[in-house]
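Engineer: Here is a sequence together with a model predicted from it:
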Amino acid sequence: MEHIDFAFLVGGEAGAGVMLTGRIISKIAMRSGYEVFATNEYPSLIRGGHNWFLGRVGTEKVYSQKKEVEILVALDELTLKKHEHRLSSNGIIISEVKKAENALTVPMTEIARNLGAPPVARNMVAVGAVTGLLGIDIKVVEEVIADAFQPRGKQTVEINKKLAKEGYSYGEAAKGSLGFILKKRQSGNKLFLTGNDATALGALAAGMRIYFAYPMTPASPILHYLAAVEDEAGIVVIQPESEIAAINMATGAAYAGARCMVATSGGGFALMTEALGQLAMTETPLVIVEVQRPGPSTGLPTHTGQGDLRFVMHASQGEFPRFVIAPGDHEESFYLTAEAFNLAERYQTPVIILSDKYLAESYKTVDPFDQQKITIDRGKIVENKWKSNEPYKRFLITSDGVSPRAFPGTENAIVRVTTGEHTEEGYGTDNPQQVIKIFNKRMRKLEEMRKEVEAREDAVKTFIAGNPAATIITWGSVKGPALEAQKMLQMKGYGTALLQIVFLGPFPKNKVSEILRKLPRPYILAENNATGQLGSLLREHLCLDVDEKLLKYDGRPFYPEEIAEKVEEAVRR
Amino acid sequence: MEHIDFAFLVGGEAGAGVMLTGRIISKIAMRSGYEVFATNEYPSLIRGGHNWFLGRVGTEKVYSQKKEVEILVALDELTLKKHEHRLSSNGIIISEVKKAENALTVPMTEIARNLGAPPVARNMVAVGAVTGLLGIDIKVVEEVIADAFQPRGKQTVEINKKLAKEGYSYGEAAKGSLGFILKKRQSGNKLFLTGNDATALGALAAGMRIYFAYPMTPASPILHYLAAVEDEAGIVVIQPESEIAAINMATGAAYAGARCMVATSGGGFALMTEALGQLAMTETPLVIVEVQRPGPSTGLPTHTGQGDLRFVMHASQGEFPRFVIAPGDHEESFYLTAEAFNLAERYQTPVIILSDKYLAESYKTVDPFDQQKITIDRGKIVENKWKSNEPYKRFLITSDGVSPRAFPGTENAIVRVTTGEHTEEGYGTDNPQQVIKIFNKRMRKLEEMRKEVEAREDAVKTFIAGNPAATIITWGSVKGPALEAQKMLQMKGYGTALLQIVFLGPFPKNKVSEILRKLPRPYILAENNATGQLGSLLREHLCLDVDEKLLKYDGRPFYPEEIAEKVEEAVRR
Amino acid sequence: MSGRYGTSRKIVWCPGCGNFAILTAFKNALANLGLKPEKVVAVSGIGCHGRITDYLNVNGFHTIHGRVLPLATGIKLANPELVVVGFAGDGDAYAIGIGHLPHAARRNVDITYIVHDNMVFGLTTGQFTPTTPYGMRTRSSPRGTYEEPINPILFALSIGASFVARGFAGDVKHLTYLIEEAIKHRGFAFIDVLQPCVTFYNTYAYYRQRVYKLEDEGHDYTSSEEALRKAREWGDKIPIGIFYKASKPTFSDRKLKDKDPPVHVKPVNIAKLYKPFM
Amino acid sequence: MSGRYGTSRKIVWCPGCGNFAILTAFKNALANLGLKPEKVVAVSGIGCHGRITDYLNVNGFHTIHGRVLPLATGIKLANPELVVVGFAGDGDAYAIGIGHLPHAARRNVDITYIVHDNMVFGLTTGQFTPTTPYGMRTRSSPRGTYEEPINPILFALSIGASFVARGFAGDVKHLTYLIEEAIKHRGFAFIDVLQPCVTFYNTYAYYRQRVYKLEDEGHDYTSSEEALRKAREWGDKIPIGIFYKASKPTFSDRKLKDKDPPVHVKPVNIAKLYKPFM
Ligand SMILES: Cc1ncc(C[n+]2csc(CCOP(=O)(O)OP(=O)(O)O)c2C)c(N)n1
Ligand SMILES: Cc1ncc(C[n+]2csc(CCOP(=O)(O)OP(=O)(O)O)c2C)c(N)n1
Ligand code: SF4
Ligand code: SF4
Ligand SMILES: [Mg+2]
Ligand SMILES: [Mg+2]
């Protein structure tokens, strides 16, 4: 079977419909039976400024973007200037101006004008040109366009179809010139979605009923999505006055017994810090999604980074158990978010899902999620009525540290919690013996959580490509480029192992240590931050030094080429 | 010369004047030429509830409380019940009720009543009894009482003197029964003050001109003190609406050019987290005092702990330089706070002074501070006028990462800062090359700061007692009990080393490593927290494991006996 | 039968503290309304007032400083069957927590919000708060405060609270009545309680001489004009009672509509949501 | 000569955005007042409006979301000679940052506070804010908002702001006048500016039809009664102009008194303070 792997880039001014263009092309490719990964970049402003969308399409699973692009769709001149250098040797430019040999000139604006559409609609001409060039079935193109514009009415659908058709014929003229075409392939139904989408769906699958969020890039799309499906999904979506309000409302709702979630980025999480300790002290479960962007402070609001690992691990005064989980891709975003609700309730503790802009806003084709795999485990809860003769005690001392959790409204139970140190009944106390008892009870949960992470298969993952001569160690969204780097290295004859640490808190140190013992040096640490925070955890927990650090902190995700190069260098050394 | 070392404990209901009694006895001892260390305990409520004050008096420097007390002043029955077990074999109880052989019964309330004073004034009778028992010169007693009550008028002074005199004769009757008396000794003038007082004085000595704080135990006394001397010291003291307001106001004032400070405890610091990153990004210097109390959350508001080390080290999203400095005693609180202003301005970075309730609210006799030792170094600042032909750039790229800092109002300079990533001029940018330049510039400051801590004599301290057979490793206020433990161990024939790490961030790893290389194992880590956070730093930075951990987290400080016992066990093993 | 709403914990407020009256009035109100302890949730802030949850045999959440309103909002949203009452201090409510008040009010969250307004930070030993009278000497203002106090009643009115009242801890009976009315009110019910702090600001005598009941003067609490006018009265005469009351949809009416209360966990069949991703 | 107050940075607001008018009006006001750029500090929040510091050739502090007021307060306290002007968005000022407004107002901090009130979170793509009209559909309220908006003018009046005005970005000349008056005012000057957001909530036409100037109606801005009355007018007619203005001591008057401005570092001879510790 033919192996196809190419990339297209759509660029233009903010407001020019760059993202929509990219998504539609991606979906057309998906519906034609191909795998797609797509990412994008945009500045923190509403109009003007350069946006781009980079899709990569293949016959096999695609995990990240790559440097070279085969098709460059320029909705403006700046796009040519900025991205022309990325064009592969056989690549083709689609633009309105004849730039060079390899350019397909499509008078997009003119076509739009002729069809009575506004200039901004020229992007659908571009969709047509790309799909024509790729020899995609025009029916698929029309279907996807119809689905995309259907909410805006039939007429809009028709005009956009026409625009695409016009473009298609321009593209068709050059069909095959890339050296391949996208024949319709058999493949199951796929979904094309972002990490944020996957997180939102995971929460819905887990029975989340209330969502609280103050808008913050790059977490806002979760808010937008959940608000859009609010009634359909029978949930409640609230946009409070601040992140402080968001987490405190969520804490109230969770105390009352609802499964709920909040999401934000670093700055908003900073404001949630105080309430994080409140969750710990009152043993209230909550799922907190932190979608990282580069700091410090406002930093680069629309870019990506992994600078908040240590921050979320240690945030809030005092010492208490918490989970910190970093999904590395869309599937993990879904399943781990869903599982986070179980962990939160089983251990009555906050769970932080640590994502980043790159994962959260990049798209990938995935198989429909298997909801069967998702169980609902609320842990020790008391339903409707407290039946024991003993009076109900919210913080009953137990051997695993987890106390039966009743909700206000439960017959025969008074549920009293406090942020101060307390007795089993939830009354305040500062008696040293009492204090130690409850403190140790909470800390026993941490012991159980440690066992949990050591026992979980999904806490740490290893990917072997060939006969490994080096090990890449990473976490979170770097997984994607690292997997692609492994493929590239294998083609060059270098086998590698990839170690992805998914559960970062509590740190599965035995597991990591055992796995690493079997994996070959050089160990190459790859992180989207400046100081190598996972590296510091490896030192803290394993006294382990990596051999090389590949750290990128300009707000941009890794290209697989960068990782491959570093590994190659390290192996050669 | 005679060696004296004894302790007295005053206990009673909140509102009974326990603390005042203790302070007055302590000052009398000080003015009689003795060294005093005093600590106290009180619950988080205003009246009722048990308070106690524990003073330790000696001919040599005293660094902490001890377990046994020689004099137990019981202003109520509960005090007897709670503390009688602490009485040393030759100890004496002073109370209104005849309890036992070793009790000196003083009808304090009756005496007060007879003299027309309210019952609460009975505590001055107790002062008299104690000082009579100790054979202190009655003149000193009267002087201290006069100074204490002088603000409340002459009559109050007189009545209190009388009360003390009455008590004195009761005490005198048993004079010498402790086996010693406090003869007046020659000694320079001393000061009796708390860690908080020392911090406040350090800030004043450093030229701090504005102080912002929202009340929070155990940091509030700094606010009270500075507010009290506001006009005398020519400073401005503001109590804003919240900690968020406090740190943002301070940031504005610091940007404008003022030396300023904020102080709070863990919960308030949590609310300052977001603004910490703002300081880093705008390179605004600020001294932040975090006086720890046990968490999580509200925890034990009036008790002590060291649970926030990792929190303050990693607080706020993204990565940036900061200093974290933990004074271990009153002198260090003074000098390091003063120095913090220099460090903040020289590196244009936030400096966190990490204290705790035990240090902040315990008293000690100290020699008057040497203000000569305090220099004012504002670092690279531009005064009045920018004279270069080049336009002023707030974030000028320099080799050490520090840019000349002008203040708004400076002629010929526009001072533009932003919490977003920026150009040298302070304009927003997300250009990856630009971004990296400024990021690296900030991080170069961290390199310089690393050099600074490695070079500083006061970054790490070692105390050797005898011929060391073990090393105690600690930080912050545990220093005091550890020093006393060293004395105790030496008496028992065990030599020890004590390593106090004062600068915790950036961590002086070479220095610590070099010093430790020369110090004998077993290494015994002593911290007032549950997880051994300094221990985790030793692992992270040095891959060093301690041999024993002594962790106390019931909200109470260590007794030297506890440390000594642990060390002895470890050495014997 | 307010006894069933109490606990056996030793009360540690200073003898004579106005908080006792608030506690009693609240227990009385619950008894008068015949509410089951299990159905009631008390949320309290940090401060002397915050201990009230220890003394109430109802569900309790003693939250962090200043966050009573979002906590209470979340609880009520999740389970609309609960009767949710927030207890805050004036520091809690008007200093650190004031940012939540306008929003709870305009959302008309169906909770009762009782502010123990002793005009000092009590628990932290008497510093001034946003309601401390101008010029008062406290530990953080030894030469007098330098800020004009806010007017909580005017504030609550300006942000659209649908029930606005002032109580006095020196009049338990009247306070009981106000709390009952507030709990019965559908929507956001705000009561600022003049609460003498015998230790740091003993105002019993001051208020006793000045307070009068709006009800006794035939005040029309349906008129917002009248309410605004009365809100500005403070001096020789201090009105207590209900300043304003209006009926409008609550947050739950608008937000939950007829959805199953969120306390029920209901996984969504996500396959039904796949369309837009295909 | 408002040119000297601009920079060469490319302005990235959407063409037609109401922010342009605010920028122009502010530069004009500075020019009319003849203020030196070095003496002026602009503090801006996070949002579209926040970029204004990039376009102003005056000192600038582009702070975090919602903290314009404390930042500006700190600057002014430290150096009373500076003219400090805060620029906030409606999200910035009335959502996350609303907790600072009552306090800046009652302290009467001598700064000008200009709220770019476009009734949406602009920069985060148009979600609703506390001033979004009830029922409006936005990305976070696709079936309409569920909260009643606040009334910023009424709010500012209720908390004792000493200068309260509303401007309209469709009338640069009038806005210039308001900003000038605000800067000249000694004390806390608050201006809510109706700022159309052409991308997410284009209100030019709506306001153009409705706004009228208070000055044209002979409104008496010294009367707080009148101000309160006018503040509640919103519908077919929308008043712009100065609602209220009063003279009272500023925060600096009360707090700095005749102390040396805090920007001067002055170590205290601490030996003079030893007495109480001896
Ligand atoms: C974030 C935070 N800041 C400060 C404190 C310290 N604190 C505890 S109680 C209190 C004041 C309470 O005053 P108020 O709300 O009026 O209650 P009262 O004690 O008068 O009842 C403060 C500031 C805290 N617990 N948390
Ligand atoms: C703590 C925090 N929460 C959220 C954000 C995300 N954020 C950036 S701009 C913005 C909205 C700005 O709206 P507004 O203040 O009205 O300004 P506009 O863009 O409309 O001018 C938000 C919520 C942030 N930067 N910081
Ligand atoms: S300090 Fe005041 S408010 Fe607190 S318990 Fe005592 S009297 Fe009541
Ligand atoms: S989104 Fe709205 S407020 Fe922001 S720049 Fe565009 S028009 Fe202006
Ligand atoms: Mg109070
Ligand atoms: Mg806005």
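Structural biologist: Noted; the coordinates are in hand. Residues are numbered from 1 along each chain as shown, chains lettered A, B, ... in the order given. Ligands and ions are numbered 1, 2, ... in the order given.
Engineer: Tell me which residue in the stretch 151-278 of chain C sits closest to ligand 5.
Structural biologist: C:Cys197 (6.9 Å; Cβ to the ion). In short, each C-beta sits where N, CA and C put it, glycine included.
Engineer: Now that residue. Nearest residue, chain neighbours left out?
Structural biologist: Using Cβ to Cβ, 6 or more residues apart in numbering or on different chains and skipping the chain neighbours, the partner closest in space to C:Cys197 is C:Asn118 (3.9 Å).
Engineer: burial count for that neighbour?
Structural biologist: C:Asn118 is flanked by 32 other residues according to other Cβ atoms under 10 Å in any protein chain shown.
Engineer: Could you list everything the residue of the stretch 151-278 of chain C closest to ligand 5 pairs with in the sheet?
Structural biologist: For C:Cys197, the beta-bridge partners are C:Tyr201 (DSSP bridges).
Engineer: Just confirm it contacts C:Thr125, I think it does.
Structural biologist: No - contact criterion Cβ atoms under 8 Å: C:Cys197 and C:Thr125 do not qualify, at 10.8 Å.
Engineer: more neighbours, those two?
Structural biologist: C:Cys197 (26 against 18).
Engineer: Quick one: residues contacting that one.
Structural biologist: Counting by Cβ atoms under 8 Å, 6 or more residues apart in numbering or on different chains, C:Cys197 touches C:14, C:17-18, C:48, C:118-120, C:122, C:126, C:203.
Engineer: repeat that with 7 Å
Structural biologist: By Cβ atoms under 7 Å, 6 or more residues apart in numbering or on different chains, C:Cys197 lies in contact with C:17-18, C:118, C:120, C:122.
Engineer: give me the subset of these touching ligand 2.
Structural biologist: Taking Cβ under 6 Å from any ligand atom as the test, ligand 2 is in contact with none of those.
Engineer: In strands only, show me those residues.
Structural biologist: If you go by DSSP state E, these have C:Val120 in strands.
Engineer: which one of the contacts of C:Cys197 sits closest to A:Glu540?
Structural biologist: Closest approach to A:Glu540 among the contacts of C:Cys197 (Cβ to Cβ): C:Gly122, at 42.7 Å.
Engineer: give me every residue that touches the closest one.
Structural biologist: So C:Gly122 contacts B:46, C:47-48, C:89, C:197, C:200 (Cβ under 7 Å, 6+ apart).
Engineer: With A:Arg442 instead?
Structural biologist: Neighbouring residues of A:Arg442 by Cβ under 7 Å, 6+ apart: A:320-321, A:401.
Engineer: one more time with 10 Å
Structural biologist: Shown in contact with A:Arg442 (Cβ atoms under 10 Å, 6 or more residues apart in numbering or on different chains): A:280-281, A:283, A:319-321, A:347-349, A:395, A:401-403, B:296, B:530.
Engineer: Tell me how far the helix or strand where it lies lies from the chain's centre.
Structural biologist: In the assignment (DSSP states H and E), A:Arg442 maps to helix A:432-455. Its chain's average C-alpha position is 31 Å from that of helix A:432-455, according to Cα atoms, centre = their mean, to the nearest Å.
Engineer: so who does residue 267 touch?
Structural biologist: The chain I'm using is chain A. A:216, A:243, A:293, A:295-299, A:301, B:273-274, B:277-278, B:316-318, B:419, D:46, D:64-65.
Engineer: not quite, I wanted chain C
Structural biologist: Counting by Cβ under 10 Å, 6+ apart, C:Pro267 touches A:203-209, A:233, A:259, A:338, A:341, A:371, A:374-376.
Engineer: same thing with A:Ala469?
Structural biologist: A:489, A:493-497, A:520-522, A:567-568, A:570-572.
Engineer: and if you look at A:Ser95?
Structural biologist: By Cβ under 10 Å, 6+ apart, A:Ser95 lies in contact with A:11, A:72-77, A:79-80, A:103-106, A:108, A:126, A:129.
Engineer: Show me where the stretch 351-500 of chain A has its helices.
Structural biologist: Counting by DSSP state H, counting those that start in this stretch, the stretch 351-500 of chain A has helices at residues A:357-361, A:432-455, A:479-491.
Engineer: So which bits of the first one are buried?
Structural biologist: Neighbour counts using 16 or more other Cβ atoms under 10 Å in any protein chain shown place A:357-361 of helix A:357-361 among the buried residues.
Engineer: Kindly state the domain boundaries assigned to chain A.
Structural biologist: Chain A breaks down into these domains under automatic domain parsing: A:5-187, A:192-365, A:380-455, A:460-572.
Engineer: Pick the most buried one from the ones you listed.
Structural biologist: Neighbour counts (mean count of other Cβ atoms under 10 Å in any protein chain shown) averaged over each of these peak at domain A:192-365, with a mean of 27.
Engineer: That one and ligand 4, are they touching?
Structural biologist: No - using Cβ under 6 Å from any ligand atom, domain A:192-365 stays clear of ligand 4, coming no nearer than 13.2 Å.
Engineer: and that domain, does that touch ligand 6?
Structural biologist: No - using Cβ under 5 Å from the ion, domain A:192-365 stays clear of ligand 6, with a minimum separation of 11.1 Å.
Engineer: now that domain: mean pLDDT?
Structural biologist: Per-residue pLDDT values across domain A:192-365 average out to 98.
Engineer: ok, now stretch A:518-537?
Structural biologist: For stretch A:518-537, mean pLDDT is 98.
Engineer: Need the distance between the two termini of that stretch.
Structural biologist: One end of stretch A:518-537 sits 19 Å from the other (Cα to Cα, to the nearest Å).
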